[in-house]
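[1] build me a model:
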Amino acid sequence: MTELITVREKCINSIDDLLNKYGNNSYMLQRINNHIIHYLPKTLESEIINHAERVIRLNNLINEKQQFIQIFLSKNQYFYLSTSNYFYEYDGENYTIVKEDHIIYNLLSNISKDKVLMKWKQRTKINIIKQIKDRSLFSSIPETNTIQNILNLLYPSIFTKKNQAKYFLTILGDNILKKKNKLIYIVTSKTKRLLTELDNISSITICNTNIIYNFMTKYHETHNYDNCRLIQINENFSFELWKELIRKNGLNLLCVAVHYSNRYENSEKFLEFNSVEDIKPHVLYLKNNNQTVIFDNFCSQCLQISANNNLKIEWKKIHFIWKHYLSSVSLPNIIYSNTLKTLLKQRYDYDEPSDTFYNITSKYLPVVFDFINFWEETVSITNNAETNIEEIELDELCVLFKVWVKSKTEATFSSGIINEENVLKILCHFFPNVEILEDKYVLNVSCVLWDKITDINNSLECIKTFFKTKQPLKLLSISDAYNSYCKFVGTTSKFIVSKRYFEKYLCIKIKDYIVYDNFIINDWII
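    Prediction:
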C-alpha cells in the first residue's frame, strides 16, 4: 500500500511539474490536457490488456516448464555426486555413469519437441541440470529387480543365508555414507580379497575410498569383544568368477548397499529386526560370549579327560585342534596361542620339557596322527633337476592316505577318510615348509605308493604304438597321447595322473618333439 501511495504521489507531482513549467503557455497547456484526456486513457487501457496477456503467457510458460521438468526427471532418473563430479543414470535395472553432454543432448532433444518451451530452451536446460545436481545418487531407491539381482549375486554363492548378504550390504552402506561407529567386522582372508575388489570399484565409480576400513582379517587382543561382529561367508566360492560378475554389477551393489543403510538406519538397527534372528547368534558371538565361555566350549567339544596315563597330546597338535575347532564353527582366531596355552596349563597336566599335555585325548586326533604318520612314512621331498616335475594334488593325497590306512596290519583309529580342506590344514600346520600352489598342488614331493613318472614312462611305448596306427599323421595331440596313457595304466595301476601333470612331464621328457605347444611330431616314434 505504501508503495502505491508513493507512485501516486510521483504521478501527481510529475503533472504538477509539467503544469508549472508550461503554465504561461496556452498551447502547451492545451496539449497536456489533450494527452491526459484523450490519449492517456486509451494507452493505459491497451497497456493493461497487454500486461494481462503477458502474465497469462508467462504463467503458461512457467506451468509448461514445471510440467516438462517433472515428466523429464521422472522418465529419466539422473543423479549426481559432488564428491565424484559424476552424473549417473538409472534405467530401472542398472546404474551407469553418464557424461553431462549425454544428459544435455537428451534434454534439448526433448525440449525441441515442445514448441511452447522453445523460447525458454536454455533457461529450462540450466534449471534441469541444477535440479539433477541436487539429486544425490545416494538418495535414489533401487527397484526390486535391481535389489534381487544383487542379492542373487551374493547369495548363496558367497553368503549361505540371504540375511547375511543383506547385513553385509548394510555395513557397506554405512561405510559409504560415513556413519562412523566403533564396530569391527572380522572376516576371513578370502573375504578380504572380495572387499578389496569392492573398494577398487567404489574408488572408480563414486570416488569413495577405504569403504572397508573397519573390516579385519585378524582379531587383536586390543579389540573389545563388545565391538566385534563376525561376518560368515561360504569359503568355497570362486573369487575369479565372482570378480568378473562384480565388475559388471559393482555400481548397482554400492547403490543397493546405500539403500539398505538408509532403510535400516545402520547395521546395528538391521540386527534388531525379528526376521534376522537366523544370523544374530553368529554375528554377535563375541559380544555375547567372553573368553572363558569360548575356551570352555572348545574344551568340552574337542578334548576329553582320561584316567589313562599313557594318553597325551603335544601342544602343537592341540593348537591344530584349536584351529580346526575355530574353522568348524566359523570363528576367527579370537584367543592368541600363548593365552590358549596358559589356559590349558591351568586346566590339564602339562610337562614343560616335552611340551605335552597328559591324561587327555581328542576325537579329532586319530586322523591327524594317521595322516602325519602316512606323510612321514611314504612322502619325500624331491629337489633334483630331473624330478622337479614331482607334485601331488590334494585329492590324490586323500586317496593315497586311504589306501595306506587299509594296508596297515596294525589297528588304526581313523577310517582313512579325509578331505582336501583338512589335508591342507594339516600340511600348513605341521609341515609349513612344504610348498603348496593354489591350495591344490603340493610341489616337489613324491609318494612311494605311486610312482607317477614310472607309470608314464611305461606307457610311452603304448603311446608310440597308438601314434603309428594313426599314420600318415605327422602330429599327435597331447590330448590323444593322454587318452592312450589312461587306457594303458587303467589295466596296470589304481591311479591315473591328471592331464595337467601328464602334459607338464612330457614337456620336460620329450621337449624336443613338442611343437605348437600341444603336439608331438612323429620323429619321436623312431
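[2] just the strands in the stretch 101-250 of the chain please.
    184-186, 215-216, 228-230 (DSSP state E, counting those that start in this stretch).
[3] which residues does the shortest one contact?
    Among residues not part of strand 215-216, those counted as contacts by C-beta atoms under 8 Å, 6 or more residues apart in numbering are Ile184, Tyr185, Ile186, Val187, Thr191, Lys192, Leu195, His223, Ile231. All C-beta atoms are positioned from the backbone trio N, CA, C, and that covers glycine.
[4] contact partners for the spatially most central residue of the chain?
    The residue lying closest to the centre of the chain (C-alpha atoms, centre = their mean) is Leu194, at 4.0 Å. Applying C-beta under 8 Å, 6+ apart, we find Leu194 in contact with Ile158, Ile233, Phe239, Trp242, Ile246.
[5] farthest-apart pair in those residues, please.
    Spatially, the most separated pair among the contacts of Leu194 is Ile233 and Ile246, at 13.9 Å (C-beta to C-beta).
[6] buried ones in stretch 284-293, by neighbour count?
    Residues of stretch 284-293 classed as buried under the neighbour-count rule (16 or more other C-beta atoms under 10 Å) are Leu284, Tyr285, Leu286, Lys287, Asn289.
[7] which other residues reach it?
    Against stretch 284-293 from outside (C-beta under 8 Å, 6+ apart): 186, 225-230, 271, 281, 297, 331, 334-335, 339.
[8] pLDDT score assigned to Tyr412?
    Careful, residue 412 is Thr and not Tyr. Thr412 carries a pLDDT value of 54.
[9] just name the shakiest helix or strand of the chain by mean pLDDT.
    Among the helices and strands of the chain, helix 40-75 carries the lowest confidence by mean pLDDT, DSSP states H and E, at a mean of 75.
[10] moving C-terminal from it, which element do we reach first?
    Downstream of helix 40-75, the first helix or strand assigned by DSSP states H and E is strand 77-81.
[11] now do the helix or strand following that following strand against strand 77-81, angle only.
    Per DSSP H and E, strand 77-81 leads on to strand 86-90 as the next helix or strand towards the C-terminus. Interaxial angle, strand 86-90 versus strand 77-81 (axes from the mean of the first three to the mean of the last three C-alpha atoms, to 10 degrees): 150 degrees.
[12] which elements pack onto strand 86-90?
    strand 77-81, strand 95-98, helix 100-111 (3 or more C-beta pairs under 8 Å, 6 or more residues apart in numbering; DSSP states H and E).
[13] from the buried residues of stretch 284-293, which is closest to Cys398?
    Nearest to Cys398 among these, with distances taken as C-beta to C-beta, is Tyr285, at 31.3 Å.
[14] mind checking how far that closest one is from Ile212?
    21 Å (C-beta to C-beta, to the nearest Å).
[15] same question, Glu93
    27 Å.
[16] who has more neighbours, these two?
    More neighbours surround Ile212 than the other of Glu93 and Ile212, with 21 against 11 (other C-beta atoms under 10 Å).
[17] show the contacting residues for that one.
    By C-beta under 8 Å, 6+ apart, the neighbours of Ile212 are Asn175, Leu195, Thr196, Leu198, Asp199.
[18] buried ones from these, can you make that a ChimeraX selection?
    Selecting just the buried residues from the contacts of Ile212 in ChimeraX takes one command, with 16+ other C-beta under 10 Å as the test:
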select :175,195,198,199
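[19] if I look at Tyr22, how far off is Glu9?
    For Tyr22, the distance to Glu9 - C-beta to C-beta - is 21 Å.
[20] what about those two, which has more around it?
    Using other C-beta under 10 Å as the criterion, Tyr22 and Glu9 rank with Tyr22 on top: 15 against 10.
[21] what about the closest residue to that one other than its chain neighbours, neighbour count?
    Once flanking residues are discounted, Tyr22 sits nearest to Met28: 3.6 Å by C-beta to C-beta, 6 or more residues apart in numbering. Neighbour count of Met28, defined by other C-beta under 10 Å: 14.
[22] any idea how far the residue nearest to the centre of the chain is from Tyr264?
    Leu194 is 22 Å from Tyr264, by C-beta to C-beta.
[23] max pairwise distance over the buried residues of stretch 284-293: which two?
    Leu284 and Asn289, at 8.9 Å, using C-beta to C-beta across the buried residues of stretch 284-293.
[24] would a markdown table of the strands of the stretch 101-250 of the chain with distance to Pro353 be doable?
    Below are the strands of the stretch 101-250 of the chain laid out as a markdown table (distance: least, C-beta to C-beta, whole Å):
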| stretch | distance to Pro353 |
| --- | --- |
| strand 184-186 | 36 |
| strand 215-216 | 37 |
| strand 228-230 | 37 |
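[25] so where's the stretch 251-400 of the chain shaky on pLDDT?
    Along the stretch 251-400 of the chain, segments meeting pLDDT under 70 span 384-388.
[26] the stretch 1-150 of the chain now?
    1-5, 53, 56-65, 68, 114-118, 120.
[27] hmm, try it at 90
    1-26, 28-74, 106-129, 131 (pLDDT under 90).
[28] show me what contacts Thr83?
    Applying C-beta under 8 Å, 6+ apart, we find Thr83 in contact with Ile206, Cys207, Asn208.
[29] apply 10 Å and report the result again.
    Taking C-beta atoms under 10 Å, 6 or more residues apart in numbering, we find Thr83 in contact with Ser136, Leu137, Phe138, Ile206, Cys207, Asn208.
[30] hang on, the fourth one packs against Asn200?
    No: the pair Ile206 and Asn200 fails to qualify as a contact (C-beta atoms under 10 Å) at a distance of 11.8 Å.
[31] quick one on the thing from earlier: show me the contacts of Leu194 that map onto helices.
    The helices, defined by DSSP state H, take in Phe239, Trp242, Ile246 from the contacts of Leu194.
[32] could you save those residues as TSV and add columns showing distance to Phe519, pLDDT and neighbour count?
    Output for the ones in helices among the contacts of Leu194, formatted as TSV (distance: C-beta to C-beta, whole Å; pLDDT from 0 to 100; neighbours: other C-beta atoms under 10 Å):
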residue	distance to Phe519	pLDDT	neighbour count
Phe239	33	79	13
Trp242	35	83	17
Ile246	38	88	21
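[33] turn the residues you listed into CSV, including distance to Phe466.
    Converted to CSV, these look like this (distance: C-beta to C-beta, whole Å):
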residue, distance to Phe466
Phe239, 40
Trp242, 42
Ile246, 46
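[34] so which of those residues comes closest to Trp322?
    For the ones in helices among the contacts of Leu194, the nearest to Trp322 is Phe239 (26.8 Å; C-beta to C-beta).
[35] tell me, how many residues neighbour the closest residue to the closest one other than its chain neighbours?
    Spatially, and ignoring its direct neighbours in sequence, Phe239 is nearest to Arg193 (5.6 Å; C-beta to C-beta, 6+ apart). Per other C-beta under 10 Å, the neighbour tally for Arg193 reads 14.
[36] how about the backbone phi and psi for Phe519?
    Per-residue torsions, Phe519: phi -130, psi 150 (degrees, to the nearest 10).
[37] before we move on, what about Asn518?
    According to degrees, to the nearest 10, Asn518 has phi -140, psi 20.
[38] you'd agree it is up against Ser477?
    Yes: in this structure, Asn518 is within contact of Ser477 by C-beta under 10 Å, at 6.1 Å.
[39] farthest pair within the contacts of Ile212?
    Asn175 and Thr196 (13.8 Å).
[40] picking that back up, possible to save the helices and strands packed on strand 86-90 as TSV with mean neighbour count and distance to Gln148?
    Converted to TSV, these look like this (neighbours: other C-beta atoms under 10 Å; distance: least, C-beta to C-beta, whole Å):
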stretch	mean neighbour count	distance to Gln148
strand 77-81	20	18
strand 95-98	17	15
helix 100-111	15	28
